[in-house]
Each structure stands twice: as C-alpha cells, then as structure tokens.
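K.L.:
okay, sequence plus prediction incoming.
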2 protein chains.
Amino acid sequence: METISENKCFDGIQGVYRHASSSCNCDMTFGLFLPREAQDGPVPILWYLSGLTCTHENAMVKAGAQMRAAEQGIALVFPDTSPRGQGVADDDAYDLGQGAGFYVNATQLPWSAHFQMWAYLADELPALLTTNFAIDPTRQSITGHSMGGHGALTLAMNLPGRFRSVSAFAPICNPSTTDWGRKQLTAYLGTDETTWARHDATLMMQQSGFDGPILIDTGTADQFLDHLRPEALASAIAKRRQQATLRLQPGYDHSYFFVSSFIEDHVTFHAEALWG
Amino acid sequence: METISENKCFDGIQGVYRHASSSCNCDMTFGLFLPREAQDGPVPILWYLSGLTCTHENAMVKAGAQMRAAEQGIALVFPDTSPRGQGVADDDAYDLGQGAGFYVNATQLPWSAHFQMWAYLADELPALLTTNFAIDPTRQSITGHSMGGHGALTLAMNLPGRFRSVSAFAPICNPSTTDWGRKQLTAYLGTDETTWARHDATLMMQQSGFDGPILIDTGTADQFLDHLRPEALASAIAKRRQQATLRLQPGYDHSYFFVSSFIEDHVTFHAEALWG
C-alpha cells in the first residue's frame, strides 16, 4: 500500500492511499480520516460512499465530515466509486463505467474483469483497513450520497450485523425501476432481474430490512427526484415498521451544498450508534 | 449580472454570479453565501480571498465556512483571484497571470489591460454587492489564504475604516523579499520597489498597522514557509504593539485541510467584530 498524501486535519490525519486490489484487478485509491484518538488504539469507522462521477476525493474535500468525526473520535473512509485505469472498461456516458461502479459485482462483459465493487467494499477494503490502521471492525457504520446512498443502504441490508447504523443523502432508492438503475444493472448484471433484487434498497427493505437505525435526507428541490424515488423506499419502510427517520429537506437540491448542510446530523447519528 | 447557480446551503443560499467588470475589463465570477437572515434585511459580510491557482470556487466548496457563517448570520463573498478569459494575458507558470492576480493594480504590459484586482476588490465588487444583495457595507471583515491572506492584510491596512477585523491563513507576509512576491510585484508593478510597499503586509504593518483585531494562523509543517515569512510580520506586529493573535499550528501544512480545521475560529473571530 502506498501513501499518496497525509495532511493534518482537525487534529487528526486526512490520508490518501493506493493499493493493488485483488477484487477489482487494478490499483484502487481511497481517502481515510483518522481522528487523533487513533494514536491510542482502534476507533470506530464511518464509511462514506460517493455518487456518480465522483472519486475518493469529492466527499473528502467537500462534505465537511471531518470536523464532527474528529469531535466524536470516529474514522471516515472515502472509497472510490469504481475501478479505474487504462486497461479498465469504460463508457462515454457519465453514468456507466469508470466513476459509476454502482456497488455491484459485474457478471457481464466487458465489465466483469474489474467492476467488482461489492467484493471490494464488503470484503477486501475492510480487511485492508483493519490490518493497516487503528480501526475497530466491531464498530462500523455507513452512509453515502446518491449512487453512494444506494450502495450504503444495500450493503447495510445485505450484511446483517456488519453496520450499526446506515444513513444516506438523496439515495437512489429503487434502481430496478428507474433510469439511474435499469441501465447500470442491465449492463453489469444482465437482464435476469432476479439478480438485481439485492441491489435495490426498496426491494431489500421489503424482504429483510435493517437491524438498526436509518436516517435518510433528500432535498425537495432535488433535480433528480425521478431517478431517486424516495417515495418507494418510504412506503417500504413504513409498511415494514422499520426504525428510520426520513427527512425531506425544503429547498435543498442534489449538490454537495446539500450534503454539507446536513453531514453534521449524520455523523452525530452514527456516533450515537457507534459509541452506544 | 448573471446568476450561474444558486444552491440552498445551511438554510441560506450559496450563489455564483458573473458580471462584466469595468475594472478588469472582462467578465468576472464570484461566489456569495447569503444566510437566511438576508431575507429580512442587510447582513454583515466576510470577504474570503483565495490563493494562487484558485478560482472563486475552491474556498466556496472546500473551506467549510458556510456552517458558522449561517449560525452567525453573516454573508461570505468568494471573489476570483484574477481576470480570466481568451483575451486576458497569461503565463505558463502557476504563480503569474490568470489565477495569480496578487491583488494589485498592474501598471506594466501586458498585464495592465486587465489585472486590476485591487480596484475590483476595493471599489467595484463592494459597490456591486451592496447594490444587488442585502449586504450592510458598514459591517465588513476580510480573510484569505496564502496569496489571499496577503490580499486581505494589505487591503485591510490600506483602507482604514473599511474592515472591522482581518484574519489570514498562511499569508504571504513579506512579498517584497520572497519568491512568492518579487516575481509578481516586478511583473505587475515594475522594478520601482517604492510602488510595492503598500502591497507588503510587513511593510504596511511597520508604517500604519490596522485599527482593529487581527488573527493569523500558519501551520508549522507548511511546505511554503520560506515564501510566507510569518516571522517578519510577527516581528512588525510585536514592535508596533498591534492588537493581534498569531498562531503557529503544530503539524498543519498549506492545504485546505488546514484552512477547514480553523475556519470556524476565524468566522467566530470576525463575527465578534461584525456584531460588536
């Protein structure tokens, strides 16, 4: 593993690291914020999964999550959104290929050789983090934005016991029914929609739910509401009697100005679960 | 004036606007955060001047200033660091030309046609803001990072009564003696160093000081300390008995991770002056 940069930040360290990924069969880069407390022993960790077009960097520099994470003594990890590089398949569209891994293990050509983001996030990167950094694997929570909110919700529901809490900003809630979803799921997983179900937060909520608290914020002025379908997930949550807080934030859109406005609430929400 | 974007942010509006600048003889773009309180009447304003290579956007998305500004009911303006465009002179180096206006009125060719950042910030943009937005011109303060810290300090000391407080992150403190300074001042103002003096914070401190509080943070691990010379300004401040707080922050470097770690302190510092 190679250290790309380490900057002191809120009395902790904001690092960027690169490593050869066996899941994705290419080099992968991630950001990791370690609070000062990590000098004394393992700390809880909050995963932040980013949206379409993002790298590990966007949330790391724009979301403003480090301040409250430092106050709470919690690490933050910012994975990339896809495999990358010269030999990695790509597409001209912003919503397929590099920058748009959709948090699945691709089974279809040309994607299957590298696009194994599910395995990377469920297995490889957690093991790498706990081996190399002062991270407590028994105290993990997860959040994300847009495509990353989809990733956070589906990982949390598919890996019971892994995450103590899950939250999302403007998540893609029901991708098997929407433009941000059917295109990617077809490309990566093929046309057999039974393989899609575990990658649809609404379907997962109907099937199994989540054993812990959920917080979801979506802006009422989000320009992509048709791609997100918060109403589908809200209905599934209510029908299941799932412990959850759903907030429609008046006037907010899909941007990082929305994420940064509420990140403090989300880190505090996760801190309660991680330290509880 | 054209609205490029407006995003709701911490219950206020983060806008980006473009206008034809008479000072710079080209279109100029700036970011402006207005807190919710601006809906009810004029609010105080904190200027944030950015460093080399930056546009209006860097601090607006990376510094994390909006949260505390919203809490305090203060507007934030993020000007660009130079004139820009096809017809505007430029240089291959990152530290001259576009992105590197150095907050002076250039008198030398080829720069003098457009590089009038001092006039733009001292006169044109303040008038534009108070005409078009709910800004209280009697309550202004100023901060900045690196080259922008130089701009903030020199504007504050050259315009007595304009700003109630001034702060800076890793400012270029004594540019008439350093690489980040002599090159730019020679290019923009020529070789007569008497014209440089008002653009050197240390020389201005020796000559006139500032009638209000000053806060300056610099990281002890700043990779550009030789270009900044905080020791020169510290000496001038102490010799003058200038009201000021100078902090050398252990382990922090020149990045926005440093700025974001202490922006809350700076906004709070200015809020005390602006609301006092």
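P.N.:
Now that the structure is in, tell me what you want to look at.

K.L.:
surely A:Thr202 meets A:Pro230?
P.N.:
No - with contacts counted by C-beta atoms under 8 Å, A:Thr202 stays clear of A:Pro230, the gap being 9.7 Å. Glycine gets a C-beta too; all of them are placed from N, C-alpha and C.

K.L.:
which parts of the helix ranked longest in chain A are buried?
P.N.:
Scanning chain A for the longest helix, with DSSP state H as the assignment, gives helix A:256-275. Across helix A:256-275, burial judged by 16 or more other C-beta atoms under 10 Å in any protein chain shown covers A:256-264, A:266-267, A:269-271, A:273-274.

K.L.:
before we move on, what about stretch A:185-198?
P.N.:
By neighbour count on 16+ other C-beta under 10 Å, the buried set for stretch A:185-198 is A:185-189, A:196, A:198.

K.L.:
just stretch A:172-189 next, same as before
P.N.:
Under 16+ other C-beta under 10 Å, the buried positions of stretch A:172-189 are A:172-176, A:178, A:180-181, A:183-189.

K.L.:
please enumerate the helices of the stretch 151-276 of chain A.
P.N.:
A:179-189, A:201-207, A:225-228, A:230-240, A:256-275 (DSSP state H, counting those that start in this stretch).

K.L.:
roughly how far is the last one from the heart of the chain?
P.N.:
To tie it back to what came earlier, the one meant is helix A:256-275. Its chain's average C-alpha position is 14 Å from that of helix A:256-275, according to C-alpha atoms, centre = their mean, to the nearest Å.

K.L.:
pLDDT of it, averaged?
P.N.:
Helix A:256-275 comes out with an average pLDDT of 97.

K.L.:
close to chain B: what parts of the stretch 51-200 of chain A are there?
P.N.:
Residues of the stretch 51-200 of chain A found near chain B (C-beta under 8 Å from any C-beta of the partner chain) are A:61-62, A:64, A:66-67.

K.L.:
circling back to that earlier point, what is in contact with A:Thr202 and A:Pro230 at once?
P.N.:
A:Cys173 (C-beta atoms under 8 Å, 6 or more residues apart in numbering or on different chains).

K.L.:
measure the most far-flung residue of chain A relative to its centre to A:Asp136 for me?
P.N.:
Distance to the chain centre peaks in chain A at A:Asp40, reaching 27.2 Å (criterion: C-alpha atoms, centre = their mean). With the distance defined as C-beta to C-beta, to the nearest Å, A:Asp40 ends up 12 Å from A:Asp136.

K.L.:
same check on A:Pro42?
P.N.:
Taking C-beta to C-beta, one finds A:Pro42 at 4 Å from A:Asp136.

K.L.:
now the helices for the stretch 1-150 of chain A?
P.N.:
Secondary structure of the stretch 1-150 of chain A (DSSP H, counting those that start in this stretch): helices at A:57-62, A:66-72, A:117-119, A:125-132, A:147-158.

K.L.:
tell me the most buried of the ones you listed?
P.N.:
Ranked by mean neighbour count, these are led by helix A:147-158 with a mean of 27 (mean count of other C-beta atoms under 10 Å in any protein chain shown).

K.L.:
what angle do it and helix A:230-240 make?
P.N.:
Interaxial angle, helix A:147-158 versus helix A:230-240 (axes from the mean of the first three to the mean of the last three C-alpha atoms, to 10 degrees): 20 degrees.

K.L.:
export helix A:147-158 as PDB, just CAs?
P.N.:
What follows is helix A:147-158, C-alpha atoms only, in PDB (Å, rounded to 0.1, in the frame of the first residue of the first chain):
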ATOM      1  CA  MET A 147     -25.400   6.200  -6.000                       C
ATOM      2  CA  GLY A 148     -23.400   6.000  -2.800                       C
ATOM      3  CA  GLY A 149     -26.600   6.200  -0.800                       C
ATOM      4  CA  HIS A 150     -27.900   3.200  -2.800                       C
ATOM      5  CA  GLY A 151     -24.600   1.400  -2.000                       C
ATOM      6  CA  ALA A 152     -24.800   2.200   1.700                       C
ATOM      7  CA  LEU A 153     -28.400   1.000   2.000                       C
ATOM      8  CA  THR A 154     -27.900  -2.200   0.000                       C
ATOM      9  CA  LEU A 155     -24.600  -3.100   1.700                       C
ATOM     10  CA  ALA A 156     -26.100  -2.500   5.100                       C
ATOM     11  CA  MET A 157     -29.200  -4.600   4.500                       C
ATOM     12  CA  ASN A 158     -27.200  -7.400   2.800                       C
END
